[in-house]
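> One predicted model, sequence on top.
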Number of protein chains: 2
Amino acid sequence: MKKESVINDNPVCQIRMQAISDTMSILSGKWKFHILGTLIEGNKLGFMDLLREIEGIGSKMLSKELQDLECNHLISRTVKDTKPITVKYAITKHGATLSPLIEELAKWGVAYRKSVHG
Amino acid sequence: MKKESVINDNPVCQIRMQAISDTMSILSGKWKFHILGTLIEGNKLGFMDLLREIEGIGSKMLSKELQDLECNHLISRTVKDTKPITVKYAITKHGATLSPLIEELAKWGVAYRKSVHG
DNA sequence: GAAAGTGGTTTCCTCTAAGAAACTACCTTG
DNA sequence: CAAGGTAGTTTCTTAGAGGAAACCACTTTC
């Protein structure tokens, strides 16, 4: 008798796993949380603002990550017709729903650090 | 006057960001959540069990990810002196503290799917 | 003694994430 | 007209993540 999957071979688990994969794929990469976190704190920021706020990121990565986040409707990009034109990035209502998740991530990270050193 | 970071240039944000980076680094990779999720459901599983449960993973990746998780004390590995020897992987108390986080990830993923299709 | 199960390691390969640096284009201020 | 600000794009390169397949050692069952 060949053994087969028993735990993960049920619809509830499958949907759960899929949901987790979805979330992680949307938030993948080194910078997504940094960008989202910064936009949640300081609402409406320009490209150069973000470049300054997020230490270490380069313009290429920032540009790409912003596009990803915009595609997934987590942030908005609005071009103001000023001179010179300026662009403002902001978190969307949808993006704001990530707050509890980001909160959990931060909380766990802090607790982990304490448990290792403390 | 040169502009500088204002939002992220304060200790609270720095610690937050660091904590998030820590968490993400510990849980990085394609399989960590799948492994943890599976071990939370079915407590105490062998290597081959996990290989069967986690669809798509190969033995090399499983081996590596299990080592990572064990190093970070999120799972335990105990060798039973049976014949043939068997190895049991289980979630630790520490690893179990990830449950709320995993819960949030799944919740958000499900909600996201609904908001896109619904 | 061959097949199948235990728990992995090793080798080789590919693809992508990420970063550095240069460049575009347009505008304003000194 | 040079310097510096706006918002990015392009090119080149490298490190690492991930996967397929073969292999090892040991044991039990058919």
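Noted; the coordinates are in hand. Numbering: from 1, shown residues only, chains lettered A, B, ... in the order given.

> Please list the residues of chain A that sit near DNA strand D.
Proximity of chain A to DNA strand D, by Cβ under 7 Å from any atom of the strand, involves residues A:46-49, A:59-60, A:63-64, A:66-67, A:77, A:84-88. C-betas here are computed from N, CA, C, even on glycine.

> What lies in contact with the longest helix anywhere in chain A?
Assignment by DSSP state H gives helix A:99-117 as the longest helix of chain A. Residues from elsewhere that reach helix A:99-117, judged by Cβ atoms under 8 Å, 6 or more residues apart in numbering or on different chains: A:23, A:33, A:36-37, A:40, B:15-16, B:18-24, B:26, B:94, B:97-98, B:100-101, B:104-105, B:108.

> list the buried ones in it?
Using 16 or more other Cβ atoms under 10 Å in any protein chain shown as the test for burial, helix A:99-117 gives A:101-102, A:104-110, A:112.

> quick one: least confident of those residues?
In terms of pLDDT, A:Y112 ranks lowest among the buried residues of helix A:99-117, with 94.

> about what we covered before: can I get the longest helix of chain A in CSV, CA atoms only?
The C-alpha trace of helix A:99-117 is given here as CSV (Å, rounded to 0.1, in the frame of the first residue of the first chain):
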residue,chain,number,x,y,z
SER,A,99,-1.6,47.1,8.6
PRO,A,100,-2.5,44.2,10.9
LEU,A,101,-0.2,41.9,9.0
ILE,A,102,2.7,44.3,9.1
GLU,A,103,1.9,44.8,12.8
GLU,A,104,2.1,41.0,13.4
LEU,A,105,5.4,40.8,11.5
ALA,A,106,7.0,43.6,13.5
LYS,A,107,5.6,42.2,16.8
TRP,A,108,7.0,38.7,16.1
GLY,A,109,10.4,40.1,15.0
VAL,A,110,10.7,42.1,18.2
ALA,A,111,9.7,39.1,20.3
TYR,A,112,12.1,36.9,18.5
ARG,A,113,15.0,39.3,19.1
LYS,A,114,14.2,39.4,22.8
SER,A,115,13.9,35.6,23.1
VAL,A,116,17.3,35.2,21.4
HIS,A,117,19.2,37.8,23.4
